[in-house]
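S.K.: give me coordinates for this.
(chains A, B and C, ligands or ions: 2)
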Amino acid sequence: MAMMNFFEYAGRPFVGILEEFGRVMLLFLSAAVWAFRPPFRLRQVFKQMEAVGVNSLPVVLITAVSSGMVLALQSYYGFRMFGGESLVGATVALSMTREIGPVFTALMVTGRAGSAMAAEIGTMRVKEQIDALYAMSVNPVQFLVMPRVLAGMVTLPVLTVVSDFIGIVGGYFVGGQLLGINSGVFMARIYEMLDLNDIFNGLIKAVCFGLILSVVSCYKGFYTTGGAEGVGRAATQAVVISTVSIFISDFFLTAVMF
Amino acid sequence: MTKLTVEAKVGVFVVMGIVILGYMAMKVGKLSLMREKGYDVEVFFDSVSGLAPDVPVEIAGVEVGRVRDISLVDGMARVVLRIKPGVKIKKDAKAVIRTRGILGDKYITLGKGSPSAPDIKPGQRLWRTEPAMDLDALMGTLQDVAADIKSLSSSLTGVLGGAEGKATLKAIFNNFKEMVQTLNNTVQKNRDNIDVIVANLTDFSKTLKELGGVNVKDIQKIIENLSQASDRLGTVMEGMNRIVSRVNAGKGNIGRLLNEEEAIDNLNAALASLREISEKINQGQGTIGKLVNEEETAEKINTALTGINDYLQKQETFRTYVDYRGEYLFEHEWAKSYFTLRIQPKEDKYYLFQVVDDPAGKEKVTRIRREVDGQIVEEERVELEDELKFSAQIAKRYYNLGLRGGFFESTGGVAIDYYLLDDRLTFSLEAFDFDWEDNPHLKFIANFSPIHHIYLTAGYDDFINDEGQESFFLGAGIQFADEDIKTLITNVPIPTH
Amino acid sequence: MIRLAGVTKSFGSQRVLNALDLEIPSEEITVILGRSGSGKSVILKHIIGLMTPDSGKIYINDKDITRLNERELNEVRKQFGMLFQDAALFDSMTVGENVAFPLVEHTRLPKKEIQRIVEEKLRQVGLPGVAEKMPSELSGGMRKRAGLARAIALDPKIILFDEPITGLDPIMSDAIDDLIVNTQRQTRATCVVISHDIASTFKIAHNIAMLYEGQIIEFGSPEAIRNSSHPFIRQFIKREAPGWNAGP
Ligand SMILES: Nc1ncnc2c1ncn2[C@@H]1O[C@H](COP(=O)(O)OP(=O)(O)OP(=O)(O)O)[C@@H](O)[C@H]1O
Ligand SMILES: [Mg+2]
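M.R.: Ligands and ions are numbered 1, 2, ... in the order given. Below is the predicted model:
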């Protein structure tokens, strides 16, 4: 009996996590189903693409350019020890396209747009606006969740491409212009080492991350309870859970792809 | 400056992403997205072990193309080379599979061929090949050679007993040397000729194929001549074969072969006659030679071919297209669909018949009677209803510019089309629904077809309307020409009762 | 006709509706009265299918909506218009877009026509010219009226008003009362109104339902309610019946 209680006690968080995971999946599935039913709500999708994609561009650009520059600087100090400075470009390019581009972009978008999604939908929940949608025969999953998930999946790869490119440009600036690595060699090494598949696999990651962060954030908003305080909690949890999920899935995606 | 709409911003954003991706992909460029331009040449090898698609094809160390496809045909490896446009390859150039470094990647290098040989045409085959120097094969040959040397040397020790033996040996070696020289000479001299014959023959048979069923009499004559010639060639070849098989059988026993003078004589005779034939052919003697070399024949064939071509072309220009497209209008959030039949009797002229399903084509006015404070008030309510509309237009084209006129969605109208990129990109401006009360319906359309049969469409509808009806639209369509439909229909299994 | 039969609803251990029976006649205005927190809003949410009862049935035109799936429920809901207690305007849209929302969703009216209806409805609720403003730029009373405009935009067959005049000044309250009466008269809609204002109730109601401790303790014409002998009702409408203890 005591044993039973122990397992029950210890297992509860796991059961809770599994249950929550299941509900996130259900929300995603229903969003996926609603994406193929008219009306298609392109207007909402475009609005969300603006909110998630266009408006995240500045932060993503700043993050990308600085991480590209830092990467160049740090790898330069390492490679200089055995005269491999010419590899700095390739290092920056490979790290940006495979990891830093998709992951940092996803993290920035989570912080900017994911929290906003959770807060927005959460507010609509506590202010009965979701009830109002139901009352007007409009499915809130189709109206609110589906456009955000779609926007996340479409805009993340676009942002990632921009981030990859800007990061490499930043690395080129530091490596080629400031540290005096021959810029021709710098670029030649990039062309030599970088494969189109690196870029594409990074973009596949970006699509997955976009999906994860938007579904998690919408989920947290959609099931908000407890008024204004609940909205704040939903936004925080959306960011924390999305971030952790992005890192975990990044590991598995990397293991599968590279 | 007016504020950008959400759609415009998102559009710019996505296009920026695609452009950057395209730029990076081109720069990295190991996997070019578009199919490379150029022409195909095929080569057959006994073995292409280690050769992979997309490896380079080089001439004198310069990349002139890539391997496009490798397949198995009758136990041989058929390799298709995609040669860059503008690169000329001689018909008798030799294709060799080489390895970069000892364990490096395989690639194909092409020889420069003889200067007098004609350039190869797209789709033709390069006949001269050399197999890959496979390490295993090399070892195998070396072992055989070693065995031969061993047996030879053991018999030599027997022979080299005395002075007589010495003399025999000398004679043997002299004979041997002489024979090898003759063999070399004849083969070298004739090899090019044989290649040319074979190339000519394939060319010729291709021409025959193209010729189709017309000019039957001529062709019959040609074929007759050809069979005569090939009969003669056949006997020659047979002789050759016999010799070669004997040479093979006598492989381990060089001494016997050397003494068989008959064999050498035969060989020499065969080669001589072969050379004779090919020389004759080159000089225009003999039937094949005449056919190939005489201007008159070539002209005859040419005129025949042009005649056929003209006929076929006339047939070809008459085309029918069936087209279905859907457009989603953002402003109204509804979709319009178009079913089009385009009949095109000439390249520069067509008739277009279209059925349009417009979900908001018709205004339905309903009168509602209401009681307000005891009085009955009548009110009008306007609702939009689904309507089918029809278009019938005639179109004429001048180079890149097209003009259309006729009925547009059940009203009169005109349109102007501008064609780009081999007609894959078109811009159109349509004007219709002219009446006194309001502005005409103007519609700007851009169509882009990334792949055959499918196109994307985008544009701005009714943009000088003053009732707020203007809308950006986005859509897609599929188009089939009559022959596509034919193949579709014939390939679809029809259930029988 | 709307009929609630034996509807019971609890939140945790708190039983809000207790085997409640209520029949709301068609094409009339029925006002539900009750104390704050007694479950009036909960009744409305049951009628429109936003909440499902723990037990009991809810009939809309003889169809039990507690057994419908989402799609069928949506069809039923298309006959409804609802004003939420806190208006529930969408924060991300302008007031005009909010009012136009049901029209855009469920009709194929041309844009111009929608605009015309939106302006007309906003004028009716005394809010001309606010179409371009965001809901956050309005006062509470103005938001409520905008919500009212949205609820009646489609001229629905059944309109549920959750405290339409709470928080409005007396003049505006009167105007909204007139609007409800006129709208009902014009469209012959079935109206369910929740109210705390006795004067307004007697002005607009065809029927009054009195909610007390999870049940309808009295249902009848304003006249009948006025003459009721139930001590709670007497206290509620006339502030009489001393000795009546102030409830739970
Ligand atoms: N979603 C919910 N979860 C938990 N309890 C709820 C919920 N909705 C309502 N309640 C409870 O049900 C009771 C009735 O609430 P309701 O909103 O119907 O009151 P009301 O009669 O509309 O009051 P008011 O006149 O103040 O609006 C309240 O005690 C409230 O705490
Ligand atoms: Mg309430």
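S.K.: any stretches of chain A with poor pLDDT?
M.R.: Scanning chain A for pLDDT under 70 picks out the ranges A:1-8, A:10-11.
S.K.: who in it is up against chain C?
M.R.: Chain A has residues A:120, A:123-124, A:127-129, A:131-132, A:134-139 near chain C, with proximity defined as CB under 8 Å from any CB of the partner chain. Where C-beta positions appear, they are placed from N, C-alpha and C, glycine not excepted.
S.K.: can you tell me which of those residues is closest to residue B:63?
M.R.: residue A:120 (55.3 Å; CB to CB).
S.K.: quick check: that closest one touching residue A:221?
M.R.: Yes. Under the contact definition of CB atoms under 8 Å, residue A:120 touches residue A:221, with a separation of 6.5 Å.
S.K.: more neighbours: those two, which one.
M.R.: Taking neighbours as other CB atoms under 10 Å in any protein chain shown, residue A:120 and residue A:221 compare with residue A:221 leading, 29 against 22.
S.K.: show the contacting residues for the residue positioned nearest the centre of chain C.
M.R.: Among the residues of chain C, residue C:161 comes closest to the average C-alpha position under CA atoms, centre = their mean, at 2.0 Å. Contacts for residue C:161 (CB atoms under 8 Å, 6 or more residues apart in numbering or on different chains) come out as C:82, C:83, C:148, C:151, C:180, C:191, C:192, C:193, C:194.
S.K.: distance check, the first one against residue A:86.
M.R.: The gap separating residue C:82 from residue A:86 is 69 Å, by CB to CB, to the nearest Å.
S.K.: more neighbours, these two?
M.R.: residue C:82 (26 against 16).
S.K.: wait, what's in contact with that one?
M.R.: Shown in contact with residue C:82 (CB under 8 Å, 6+ apart): A:132, A:135, C:44, C:48, C:151, C:159, C:160, C:161, C:162.
S.K.: any weak-confidence spans in chain B?
M.R.: Along chain B, segments meeting pLDDT under 70 span B:1-3, B:29-36, B:100-105, B:131-143, B:145-146, B:148-317, B:369-374, B:436-437, B:466-468, B:483-497.
S.K.: so where does the closest residue to chain A within it fall, helix or strand?
M.R.: With CB to the nearest CB as the measure, residue B:17 is the residue of chain B nearest to chain A, at 3.3 Å. Using DSSP states H and E, residue B:17 sits within helix B:6-28.
S.K.: neighbouring contacts of that helix?
M.R.: A:46-47, A:49-50, A:53-54, A:57, A:154-155, A:157-159, A:161-162, A:164-165, A:191, A:194-196, A:199, A:203, B:4, B:31-33, B:330, B:472.
S.K.: what does stretch A:55-68 give?
M.R.: Under CB under 8 Å, 6+ apart, the answer for stretch A:55-68 is A:92, A:96, A:100-101, A:104-105, A:108-109, A:111-113, A:155, A:159, A:162-164, A:166-171, A:174, B:13.
S.K.: what about those, which are in helices?
M.R.: A:92, A:101, A:104-105, A:108-109, A:155, A:159, A:162-164, A:166-171, B:13 (DSSP state H).
S.K.: just after the helix ranked longest in chain A, pick out the following helix or strand.
M.R.: When chain A is parsed with DSSP H, its longest helix is helix A:2-35. Using DSSP H and E, the helix or strand that directly follows helix A:2-35 along the chain is helix A:42-52.
S.K.: thinking again about what came up before, just the ones of the contacts of residue C:82 in strands?
M.R.: C:159, C:160, C:161, C:162 (DSSP state E).
S.K.: among those, who's most crowded?
M.R.: For those, the largest number of neighbours (other CB under 10 Å) sits with residue C:161, at 28 neighbours.
S.K.: just give the nearest non-adjacent residue to residue C:150, would you?
M.R.: Leaving aside its chain neighbours, residue C:150 sits nearest to residue C:99 (4.8 Å; criterion: CB to CB, 6 or more residues apart in numbering or on different chains).
S.K.: count the residues that sit near the one you found.
M.R.: When neighbours are defined as other CB under 10 Å, residue C:99 has 30 of them.
S.K.: beta partners of residue B:79?
M.R.: residue B:43, residue B:70 (DSSP bridges).
S.K.: from residue C:66, how far out is residue C:211?
M.R.: Computed with CB to CB, the distance linking residue C:211 and residue C:66 is 20 Å.
S.K.: who's more crowded, these two?
M.R.: Between residue C:211 and residue C:66, counted using other CB under 10 Å, the more crowded position is residue C:211 (23 against 15).
S.K.: which strand or helix spans the more buried one?
M.R.: Per DSSP H and E: residue C:211 is located in strand C:207-212.
S.K.: following element in sequence after that strand, please.
M.R.: Moving toward the C-terminus from strand C:207-212, the next helix or strand (DSSP H and E) is strand C:215-220.
S.K.: from the chain's centre, how far out does that following strand sit?
M.R.: Distance of strand C:215-220 from its chain centroid, counting by CA atoms, centre = their mean, to the nearest Å, is 17 Å.
S.K.: show me what that strand is packed up against.
M.R.: Packing partners of strand C:215-220 (3 or more CB pairs under 8 Å, 6 or more residues apart in numbering or on different chains; DSSP states H and E): strand C:14-24, strand C:207-212, helix C:231-238.
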